[in-house]
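[1] Sequence below, structure please.
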Amino acid sequence: MTAFRAGVTRGLGLLMIVGSVALATGCVLVFAKWLPADVARYEDYRAAQRCPAGSTPDAWWEDCLRTIELTIVDTVVKGGGRSSEYRATVDSTRFQGELDFGDPGPLLDTLQAGDQAIGTVWRGDVVTLTKDGVRQKTSDEPRHEPQMIAAAGAGLGLLAVLGLVFGTARLLAPRHSGPFTWSGSGRGLLVTCLAATFGVGLPAVWLGISWQLVAPMIVAVVLGAGTFLLGGSRGSAVTCRSLSFGAGSGSNGWLGDRSSSVTNHGRD
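    Presented below is the predicted three-dimensional model:
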């Protein structure tokens with residue numbers, strides 16, 4: 001490796017370290033801010049009571065649950081994977097705007113323009129829509145899904161560790177990074193981190209696994225995969241060096257035997 005390429009490698013290592021600091025900051029913010037705020041918001045929503053009957057709201061933002069009458073202006077029900085769209089445009093004396101939904105039913109796909117529905121408002125958001133006893137949650141209703149937030153935080157933290165380790169290896173030993181290269185173990189570890197983040201986080205949401213267990217499970221998966229990948233990379237490197245040495249020794253031995261044969265023939 002030339003001095004120029006070594007400098008480029010060191011520069012990439014420095015960038016990786018800077019990136020790892022940004023990822024670590026994101027990890028801290030997830031666990032220190034986003035996750036606690038999401039859990040607290042859901043708990044507050046569960047504990048919210050109906051607003052007193054006959055009370056007049058002083059402001060749109062209230063901690064109690066208030067029901068209002070809404071007129072359906074228009075609905076959009078469009079499936080199709082990532083481009084799916086489920087939305088209702090509503091109007092009332094207190095609220096005019098669009099309500100987003102995660103699914104077309106059980107209520108949204110039955111609504112027509114001009115229908116009257118009842119909206120439940122909490123802290124300025126319409127969280128549910130009801131008509132003729134059929135109720136559907138909007139996308140603004142708080143949900144108890146902290147598992148994916150914890151998974152995101154764990155993923156960011158592990159990516160930060162990878163960036164720090166691989167960046168330090170490139171910075172301190174640009175010519176001899178060992179297994180800490182993209183082709184050596186970096187690609188496998190990156191894929192493992194992403195796969196573990198979603199492969200553990202999503203099932204944890206579906207199965208109702210405690211969010212406190214999500215991060216340790218992801219770390220365990222990545223550590224196991226990292227041990228295997230790093231061990232395999234070192235083994236491959238040792239095998240390659242052994243084969244190269246053996247080939248060289250075999251060549252020298254053949255030449256030595258050939259030279260001896262020529263010499264002996266000359267003496268004869």
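[2] burial measure for residue 73, as a count.
    Applying other C-beta atoms under 10 Å, we find 15 residues neighbouring residue 73. C-beta: built from backbone N, CA, C; applies to glycine.
[3] contacting residues around the spatially most central residue of the chain?
    Taking C-alpha atoms, centre = their mean, the centroid of the chain lies closest to residue 152, which sits 4.3 Å from it. Residue 152 makes contacts with 30, 197, 201, as judged by C-beta atoms under 8 Å, 6 or more residues apart in numbering.
[4] if I read this right, the last one contacts residue 146, doesn't it?
    I take that to be residue 201. No. Assessed by C-beta atoms under 8 Å, residue 201 is found out of contact with residue 146, at 10.1 Å.
[5] more crowded one of those two?
    More neighbours surround residue 201 than the other of residue 201 and residue 146, with 25 against 20 (other C-beta under 10 Å).
[6] Now do the same for the more buried one: helix, strand or coil?
    What DSSP: H, G, I helix; E, B strand; the rest coil gives for residue 201 is helix.
[7] Would you check how far apart it and residue 121 are?
    31 Å (C-beta to C-beta, to the nearest Å).
[8] next one: residue 70
    Residue 70 is 10 Å from residue 121, by C-beta to C-beta.
[9] try residue 200
    On the measure of C-beta to C-beta, residue 200 and residue 121 end up 36 Å apart.
[10] same deal with residue 155?
    Using C-beta to C-beta, which is the criterion applied here, residue 155 is 35 Å from residue 121.
[11] With residue 100 instead?
    In this view, residue 100 and residue 121 are 15 Å apart by C-beta to C-beta.
[12] of those two, who's got more company?
    Set side by side, residue 100 and residue 121 show more neighbours around residue 121, with 23 against 12, by other C-beta under 10 Å.
[13] Show the pLDDT at residue 242.
    pLDDT for residue 242: 42.
[14] ugh, typo on my part, it should be residue 82
    Looking at residue 82, its pLDDT reads 71.
[15] if I pick residue 33, what's in contact with it?
    Contacts of residue 33 (C-beta under 8 Å, 6+ apart): none.
[16] Kindly report the same for residue 119.
    67-70, 90, 92, 95, 99, 126, 128-130.
[17] Go again with 10 Å.
    Residues near residue 119 by C-beta atoms under 10 Å, 6 or more residues apart in numbering: 66-70, 88, 90, 92, 94-95, 99, 125-130, 138.
[18] Would you list the buried entries among these?
    66, 68, 70, 88, 90, 95, 99, 125-129, 138 (16 or more other C-beta atoms under 10 Å).
[19] Let me see the confidence value for the closest residue in space to residue 31 that isn't next to it in sequence.
    Leaving aside its sequence neighbours, residue 31 sits nearest to residue 153 (C-beta to C-beta, 6 or more residues apart in numbering; 4.9 Å). pLDDT recorded at residue 153 is 96.
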